[in-house]
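Engineer: I'd like to go over a predicted model; first the sequence, then the structure.
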Amino acid sequence: MKETIKPNHDDILDKVRKLLRLADQSRGATEHEAKVALAKAHELMTRHNIDSAMLRMEREAANGGSGFTVNSSKVELPKTLNPADLLILSLLQSHFNVRVILLHGHRQTPVDIIGSPTEVEYAVFVFHFLRETFFRCWNEFKRSTGCPDRKSYYRGVHDGLKAELNAAKQRAEESYSADQRGRYELMVVDAKAIIERHVTEKYGKLRNRRSQNRRVDSHSYTAGKARGAAIRINRPLANA
């Protein structure tokens, strides 16, 4: 029986970094390409996470214990958050299997990102990439149109990117059997429970930040959303 050799963690992150370099503005990439490159990177990480979960289950069965460990990393944001910050943190929490905790600081807003070591490392990397991308997209858009609305534009970029990430995750999961997907979903539920216990023990009772309803400028929102879905990059991962 031929043994399948899976890429290790460093190989995966190296491919992810190469994918994101495809979206480097200095190489002439557009904001459309940046979002699609991120979606491809997310698809790759989803596959890696499923493989890791399957391996972890095998180790648990052999050793009779849990193979999931909780890690955390901190990023520092300005005291007054940019409208893009909360949208990006929301994407991390909903699509990258991490928990995001906003803390109180004297001059800055510390943010703890909590999850498995691999997913935390990837989420921090993606956070910085997205923050730079959101700001660059906005600066380009506001120079090209009259009376742009920043919050509406950022919301559009968020929603367009979210659709790309959902599609990337679906493509990755569909490459596995129904049984593998079912076992992976159980692993995700178990991992979230472990993370929540860690959060409760470390931070106690947390207050949810309420989202504010506000008027949306349709032109700015539509322009932002279109950026996330307009272009497809048909470049094989092996050549990334």
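Structural biologist: Done, it's in.
Engineer: with adjacent residues omitted, what lies nearest to Y176?
Structural biologist: Nearest in space to Y176, with sequence neighbours left out and distances taken as CB to CB, 6 or more residues apart in numbering, is I50 at 5.9 Å. Any C-beta I mention is one placed from the backbone N, CA and C, and that applies to glycine too.
Engineer: max-length helix in the chain?
Structural biologist: Looking across the chain with DSSP state H, the single longest helix is helix 31-63.
Engineer: now find how far off-centre stretch 186-198 is within its chain.
Structural biologist: With CA atoms, centre = their mean, to the nearest Å as the basis, stretch 186-198 stands 18 Å off its chain's centre.
Engineer: show the backbone phi and psi for W138.
Structural biologist: According to degrees, to the nearest 10, the main-chain angles of W138 amount to phi -60, psi -40.
Engineer: can you tell me how far it is from C147?
Structural biologist: Distance, W138 to C147, by CB to CB, to the nearest Å: 14 Å.
Engineer: these two: which is more packed in?
Structural biologist: Just comparing W138 and C147: by other CB atoms under 10 Å the higher neighbour count belongs to W138, 21 against 8.
Engineer: burial count for the residue nearest to Y176?
Structural biologist: When neighbours are counted by other CB under 10 Å, I50 registers 21.
Engineer: next helix or strand past the helix or strand hosting D179?
Structural biologist: Using DSSP states H and E, the element containing D179 is helix 178-203. Using DSSP H and E, the helix or strand that follows helix 178-203 towards the C-terminus is helix 218-227.
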